[in-house]
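Visitor: the amino acid sequence is not available; the structure is as follows:
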């Protein structure tokens, strides 16, 4: 099967999934960290949180209101901090 045929088959499958005729073979679910809950559990201000993560207070505010979601390295670090709160203190010390 050439690339065009593979793309065509993939698009046809996507249409069938969208129309509910077939179930997707796999689903990927990403959990977005509850940034405000993490920060409150750490008992730090938005300013302290932003400084430790090397980002702006506006970014922290947008994550907390879920206007934007952390991505990439920030999402991974937040997940680690959620699991291991002591990691935040190490980050804040640098």
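Guide: That came in fine, so what should we check first? Owing to the predicted nature of the structure, the values given are computational and were not obtained by experimental measurement.
Visitor: okay, CA-based contacts and neighbour counts for the rest of this
Guide: OK.
Visitor: and for stretch 49-58, what's in contact with it?
Guide: The contact list for stretch 49-58, computed with CA atoms under 8 Å, 6 or more residues apart in numbering, reads 39, 46, 47, 59, 60, 74, 88, 91, 92, 93, 94.
Visitor: show me where this structure dips below the pLDDT cut-off.
Guide: 1, 29-30 (pLDDT under 70).
Visitor: which parts of it are helices?
Guide: Counting by DSSP state H, one finds helices in the chain at the ranges 3-18, 35-42, 46-53, 57-64, 72-83, 86-93.
Visitor: could I get those helices in JSON lines, plus columns for distance to residue 26?
Guide: Output for those, formatted as JSON lines (distance: least, CA to CA, whole Å):
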{"stretch": "helix 3-18", "distance to residue 26": "11"}
{"stretch": "helix 35-42", "distance to residue 26": "28"}
{"stretch": "helix 46-53", "distance to residue 26": "33"}
{"stretch": "helix 57-64", "distance to residue 26": "28"}
{"stretch": "helix 72-83", "distance to residue 26": "22"}
{"stretch": "helix 86-93", "distance to residue 26": "33"}
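Visitor: contacts for stretch 64-79, please.
Guide: With CA under 8 Å, 6+ apart as the criterion, stretch 64-79 contacts 32, 33, 34, 35, 36, 53, 62, 63.
Visitor: run through the residues that contact the fourth one.
Guide: Yep, that's residue 35 we're talking about. Residue 35 makes contact with 60, 63, 64, 78, according to CA under 8 Å, 6+ apart.
Visitor: out of those, the closest to residue 17 would be?
Guide: Closest approach to residue 17 among the contacts of residue 35 (CA to CA): residue 63, at 31.4 Å.
Visitor: where's the closest residue to the closest one other than its chain neighbours relative to residue 82, distance?
Guide: Spatially, and ignoring its direct neighbours in sequence, residue 63 is nearest to residue 69 (5.4 Å; CA to CA, 6 or more residues apart in numbering). Residue 69 sits 15 Å away from residue 82, going by CA to CA, to the nearest Å.
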